[in-house]
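Peer 1: Show me the folded form of this:
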Amino acid sequence: MNKVKPTDFARSLSNYFFEYLPVQKGLSENTIKSYRDSMSVFLDYCEKERHLKREKLEIQNIDRSLVEDFLSWLEQVKNNSVATRNQRRIALNTFFKYLQYENPEYVLLCQHILSIPNKAGKKQTIRHLPIKAVEEILRQPDLKSRSGRRDFAILSLMYESAARISEIANLCIGDLHFERSGAIVHLRGKGKKFRDVPLIRDISSLLKNYLSEEKHYRPCDKMEPVFCNRDKEKLTRAGISYIFNKYIKSTRSAMPNLLPSKVYPHIFRHSRAMHWLEAGVDLQYIKDLLGHADLSTTEVYAQLNTEMKRKILEEVHPKEHQSSQYPSWTEDKNLMGWLSNFQDTH
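Peer 2: Numbering: from 1, shown residues only. Down below sits the predicted model:
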C-alpha cells in the first residue's frame, strides 16, 4: 500500500506549529492553541464548504478570495462577531507571514492574503468593577476553612497583582520573593515575557501565612505550584475560573444589584488597572505592571477614565445652564448693531 505523500501545505503547517511558533517565536502554549483553533476552523471550512480535503490541500489551492469567503462565512453562517472574525484573520495572517519566508515562490500569494483589511466593528467597552464590588467579592471566602483561605489568597493576589488567570495558574512558590517592605511576584506573561510586580505588606503577610499552612499538607519547594487543588495538583485555569465564578455567584446572592450582568476573571485585571489610574499612578508604570509591550494598549484605561469623568460632569451640570437654553447672540439687536458699526468704521 502506497503512503500518501505530504503536501507542501501540510509540511509548512507542521513546521509552523512545531518549530516556528514555539521555538523561533517563543509563543506561549495558549497563544499557539488559539492559532491552532483558528486554522482548524479554516480547514473545516475548506473541506465542508469548498470540498478541499485537508490531506490533499496544496498552497496553490489557497488564494485571497478563499480567505475572504471564509471570513464572510464566519459572520454570516457561523454568526461570529466582528471581533472573532478579526481574531481568525490575525491568526491566519501569522501563518502566511511565515509562509512567504519559508516558501518565497508564494510571496505574491501571501501578500494578497495579508492585504485583506481588518473589519471595523463596534468598539468594545472595557468593563471594570468599583472598589466596593471588589471588597465584597473578597469577603465571600470562608476563612475558617483551609480551602476558603486558599481561595481568599487567590482572589487577593489576582486583584493586587492584576495578573492574568494563566499567570496565577503557572505561579511557582519560587516566584514569590518576600522582603521587609512587602513581596515581589515574578509573573510569566504572554510570549514568555516576565515581569515583577510589588505587593503591599498585607498581601505579603497573607501569602506567607498561606504557604506556612500549606507546608503541613504538601511539598512546598521552589518549583511547586503556589495554588493546588484537593488532590495536591496544580490548579488549572479552569479550576481558578470555577473558584472565581463561585464567589461571584455568592456575591450576587448577598448584594443582587452590586455587580454588572457579565463578570469574568479578567475583570479583576481591568479593575486593578483602573484603580491604579484613579489613585494617580503614572500610566507608564501601569504599563509595566500589566506587562503591556506598547503604551497604546494601556492608554485605553486613561481614555476610559476621561470618558467616565466627562459623564460625571454632565450629570452634575445644572440643567438650566445647558447650551441649548442660552439665547443666540445673533438675536441681541444692540450687539448686532454695535458689530455692524464696528465693521463700517474699520
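Peer 1: Hmm, Ile243 is touching Phe152, no?
Peer 2: No - assessed by CB atoms under 8 Å, Ile243 is found out of contact with Phe152, at 10.2 Å. Yep, even glycine has a C-beta here, placed from its N, CA and C like the rest.
Peer 1: and the residue nearest to the spatial centre of the chain, what does it touch?
Peer 2: Residue closest to the average C-alpha location in the chain (CA atoms, centre = their mean): His266, at 6.9 Å. Going by CB atoms under 8 Å, 6 or more residues apart in numbering, His266 touches Arg164, Ile165.
Peer 1: And Tyr16, by the same measure?
Peer 2: Contacts for Tyr16 were tallied using CB under 8 Å, 6+ apart; they are Phe95, Tyr98, Leu99, Glu102.
Peer 1: Next, work out how far apart Ile173 and Lys33 are.
Peer 2: Distance, Ile173 to Lys33, using CB to CB, to the nearest Å: 26 Å.
Peer 1: which one of the two has more residues nearby?
Peer 2: Ile173 (18 against 11; other CB atoms under 10 Å).
Peer 1: hang on, the more buried one packs against Arg218?
Peer 2: No - contact between Ile173 and Arg218 fails when scored by CB under 8 Å: they sit 10.6 Å apart.
Peer 1: so what's in contact with the two at the same time?
Peer 2: Going by CB under 8 Å, 6+ apart, residues that sit against Ile173 and also against Arg218 are Glu224.
Peer 1: quick one: low-confidence ranges for this structure?
Peer 2: 1-4, 121-125, 191, 297, 303-346 (pLDDT under 70).
Peer 1: So if we follow the domain assignment, how does it break up?
Peer 2: The chain breaks down by automatic domain parsing into domains covering 8-114, 132-266.
Peer 1: chain center to the shortest one: distance?
Peer 2: Looking back up the chat, that one is domain 8-114. From the chain centre to the centre of domain 8-114 is a distance of 22 Å (CA atoms, centre = their mean, to the nearest Å).
Peer 1: and if you look at the last one?
Peer 2: Computed by CA atoms, centre = their mean, the separation of domain 132-266 from the middle of its chain amounts to 18 Å.
Peer 1: so what's Ala293 up against?
Peer 2: Lys193.
Peer 1: before we move on, back to that, ok, and the most crowded of the contacts of Tyr16?
Peer 2: Within these, Leu99 tops the neighbour count with 24 neighbours, counted by other CB under 10 Å.
Peer 1: pretty sure that residue is in contact with Arg11, am I right?
Peer 2: No - Leu99 is beyond contact range of Arg11, at 11.0 Å (criterion: CB under 8 Å).
Peer 1: Helices along the stretch 201-346 of the chain, start to end?
Peer 2: For the stretch 201-346 of the chain, the helices defined by DSSP state H, counting those that start in this stretch cover 201-214, 237-254, 266-278, 283-290, 295-316, 333-344.
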